[in-house]
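Engineer: sequence first, predicted coordinates after that:
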Amino acid sequence: MSTVRCLCMAALSLAIVGSLMIPAPARQDDDEAEMRELLARRSLEENCLICHSMDLIAGQRLTPTQWKAEVVKMIGWGSPLPKEAADPVTEYLARHYSDREPAPAPTLATLNDVDSYEVPRGQHAPVEAGADLKRGEKLYATTCANCHGPKALGGDLGPALVHKAILDRPTDYNRILFEGLRRMPGNKQTLKPEDSVAILAWLRSLSYPEPLAQGGK
């Protein structure tokens with residue numbers, strides 16, 4: 001075998017070995033991005049969908065700055081979203097519901113879909129007369145306060161309940177209270193219908209502290 005041929009074969013061998021030693025494009029970055037996406041989605045579902053529907057969120061088309069402002073505002077209003085999840089959730093929202101994409105066509109509701117919204121603005125749907133507010137307060141303290149805070153103004157795990165629209169929709173309120181919603185457990189094994197009435201009446205009796213009522217922090 002000639003020297004030239006030997007050198008060529010040696011060079012070819014080195015090239016092949018070298019190509020094998022060069023690492024293939026790592027999937028680590030892709031895997032990390034996918035995991036961040038999944039965690040952001042889970043944070044959104046567990047914390048934001050307590051109060052909002054996915055259709056409502058998906059119908060928005062905002063800039064990254066606007067999404068950030070919305071997330072900060074919701075946290076200020078009592079959303080249990082952890083601070084460390086705020087940026088990933090903001091990035092997720094800005095990526096999937098960008099102002100550069102056209103908004104979806106609105107979904108039309110039937111009269112049956114909105115029959116629980118017949119209560120005039122500023123008024124409450126009726127609650128049984130003679131509801132025991134003191135009893136409602138005690139039941140709330142043992143059943144709800146751990147997540148929603150002692151004054152229903154929000155806690156680490158649950159949003160504020162004061163002045164929420166759900167309080168004007170007793171059917172939906174009872175369904176969530178007894179059956180649960182997402183990570184909120186149901187209470188049908190521990191509460192009776194009259195307990196639900198007492199808790200609802202107490203929640204309706206609450207108002208925001210003066211600074212919050214005036215728009216302050």
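Structural biologist: Alright, I've got the coordinates.
Engineer: residue closest to the middle of this protein?
Structural biologist: residue 48 (1.5 Å; CA atoms, centre = their mean).
Engineer: thought that one was touching residue 92?
Structural biologist: No - judged on CB atoms under 8 Å, residue 48 makes no contact with residue 92 at a distance of 10.4 Å. C-betas here are computed from N, CA, C, even on glycine.
Engineer: which residues touch the residue nearest to the centre of the chain?
Structural biologist: For residue 48, the contact set (CB atoms under 8 Å, 6 or more residues apart in numbering) comprises 57, 74, 79, 81, 89.
Engineer: repeat the analysis, applying 6 Å as the threshold.
Structural biologist: By CB atoms under 6 Å, 6 or more residues apart in numbering, residue 48 lies in contact with nothing.
Engineer: now do residue 166
Structural biologist: Residue 166 is in contact with 172, 173, counting by CB under 6 Å, 6+ apart.
Engineer: OK, contacts around residue 140?
Structural biologist: With CB under 6 Å, 6+ apart, residue 140 has these contacts: 199, 202.
Engineer: name the next helix or strand downstream of the helix or strand where it lies, please.
Structural biologist: Secondary structure assigned from DSSP states H and E places residue 140 in helix 133-143. Next helix or strand after helix 133-143 toward the C-terminus (DSSP H and E): helix 145-148.
Engineer: quick one: residues in contact with that next one.
Structural biologist: Outside helix 145-148, the residues touching it (CB under 6 Å, 6+ apart) are 155, 157, 158, 161.
Engineer: of the residues you listed, grab the buried ones for PyMOL.
Structural biologist: This is the PyMOL syntax for the buried subset of the contacts of helix 145-148, where burial follows 16 or more other CB atoms under 10 Å:
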select buried, resi 155+158+161
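Engineer: number of residues surrounding residue 37?
Structural biologist: Counted by other CB atoms under 10 Å, the residues lying close to residue 37 total 15.
Engineer: nearest spatial neighbour of it, skipping sequence neighbours?
Structural biologist: Distances taken as CB to CB, 6 or more residues apart in numbering place residue 92 nearest to residue 37, at 6.7 Å, with adjacent residues excluded.
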